[in-house]
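# Predicted coordinates and the sequence they were generated for:
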Amino acid sequence: MRQTDFPYLPKDFIETDEGLVFAVISYHPHQQHIGCFLRYVKQDGRWQKVDTDTANRLLERHYPDYLYQSAQFDAAFHAVRPDNVVRHYRPESKLAELMTMLSQDQLTDKLQRLTALFCAAGIASDKLGVTGSVLIDNHGPDSDIDFVVYGRDNFHQVRQVVKESVANGTLKLLDETLMHANYERRQSSLNFDDFAWHEQRKFNKAMLDGSKFDIGMVCFESELEPEHRHFMKCGSQVTRARVIDDQNAFDFPARYSVDHPRTPEVICFTHTYVGQAFAGEIIEVAGAVECDNAGNCRIVVGSSREADGEYIKVITKL
């Protein structure tokens, strides 16, 4: 599952000796660097989560070497050299560790119960992991559980388990309080009702005994599409098109093929709009237009982490 020469995958965390924890966001190295984004800073012996603006200001002032401008994607993110990593947090290893321990708190108990539910449906335990605050032992009773599922087929099988478990009452869809909290955290450009409608049909998040969990997919190497083209920003665009192919809708980045003559691909770098639309639906997309040297163009949603003013919204529902 992991490459020997570059063992880093999205959803991993890496820690540097300055007391910084970055979330890995890229499958492949960028000029011998790990593509990532600063998520936690050590303060008074505990990890403090930081938002995008705070992370960028901190790095600009104190650790500019971790700022990175990608020529290939014409985008800014963070990057760390492997020799600056003092600890590599792997979601599958953390979950395996927690599954062998007696439950130490209510959240860990729920994590173990959810893992057992997924494994009972035929998902191999080594294809599951946990990221977020649990990965670095920074969780509390009100924390979310951030599952990782390795492999596209495994991921969709887990989604089906979530859907069936909601139907039989084992799990519940997010209540209004948790949905509002999710909406505020995501800072979506959609109104709340539209946001909630899209979220409830994805079945990549639900509740167990009042705790929210979500599932994120990490592809196998064989499932990845090679990306060798270099893109440049060419303005912005709001357009409508029909989704032709949604098989990569839950990937990172998510990809949608659409029937638009100028921008036949929509690519999404923000989790907010992953799994947002299905084949046959007409969507409205607001995002940045990128073009390669051959003039092939696409729309990018999530050109910044918060994707301010960028969105994918279903206009004609199936």
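Alright, I've got the coordinates.
# any chance you could map the strands in the stretch 1-150 of the chain?
13-16, 20-24, 34-43, 46-49, 67-70, 75-80, 85-89, 128-131, 145-150 (DSSP state E, counting those that start in this stretch).
# and of the ones you listed, who's closest to Gln106?
strand 145-150 (11.1 Å; C-beta to C-beta). In short, each C-beta sits where N, CA and C put it, glycine included.
# what residues does that closest one touch?
1, 11, 91-92, 107, 110-111, 114, 123, 127-135, 155, 158, 211-218, 220 (C-beta atoms under 8 Å, 6 or more residues apart in numbering).
# same question, stretch 81-94
Contact with stretch 81-94 is made by 1, 7-8, 11-17, 21, 32-34, 126-131, 134-136, 148, 150, as judged by C-beta under 8 Å, 6+ apart.
# ok, now with 6 Å
11-17, 33, 129-131, 135, 148 (C-beta atoms under 6 Å, 6 or more residues apart in numbering).
# one step back: just the buried members of the contacts of strand 145-150?
Those of the contacts of strand 145-150 that meet the buried threshold are 11, 91-92, 107, 110-111, 114, 123, 127-135, 155, 158, 211-218, by 16 or more other C-beta atoms under 10 Å.
# Those in helices, which ones?
Mapping those onto helices (DSSP state H) picks out 91-92, 107, 110-111, 114, 155, 158.
# okay, the strands of the stretch 1-150 of the chain in CSV with distance to Val243 and mean pLDDT next?
Converted to CSV, these look like this (distance: least, C-beta to C-beta, whole Å; pLDDT from 0 to 100):
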stretch, distance to Val243, mean pLDDT
strand 13-16, 33, 98
strand 20-24, 28, 97
strand 34-43, 27, 95
strand 46-49, 34, 94
strand 67-70, 27, 88
strand 75-80, 24, 89
strand 85-89, 35, 98
strand 128-131, 28, 98
strand 145-150, 23, 98
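# could those strands go into JSON lines alongside distance to Val258?
Rendered in JSON lines, the data for those read as follows (distance: least, C-beta to C-beta, whole Å):
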{"stretch": "strand 13-16", "distance to Val258": "34"}
{"stretch": "strand 20-24", "distance to Val258": "29"}
{"stretch": "strand 34-43", "distance to Val258": "26"}
{"stretch": "strand 46-49", "distance to Val258": "35"}
{"stretch": "strand 67-70", "distance to Val258": "24"}
{"stretch": "strand 75-80", "distance to Val258": "21"}
{"stretch": "strand 85-89", "distance to Val258": "36"}
{"stretch": "strand 128-131", "distance to Val258": "30"}
{"stretch": "strand 145-150", "distance to Val258": "26"}
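# Out of the ones you listed, flag the one nearest Ala55.
Closest among those, using C-beta to C-beta: strand 34-43, at 3.9 Å.
# Mind listing what's buried along that closest one?
So for strand 34-43, counting by 16+ other C-beta under 10 Å, buried means 34-41.
# Out of the strands of the stretch 1-150 of the chain, flag the one nearest Leu58.
Using C-beta to C-beta, those put strand 34-43 closest to Leu58, at 6.8 Å.
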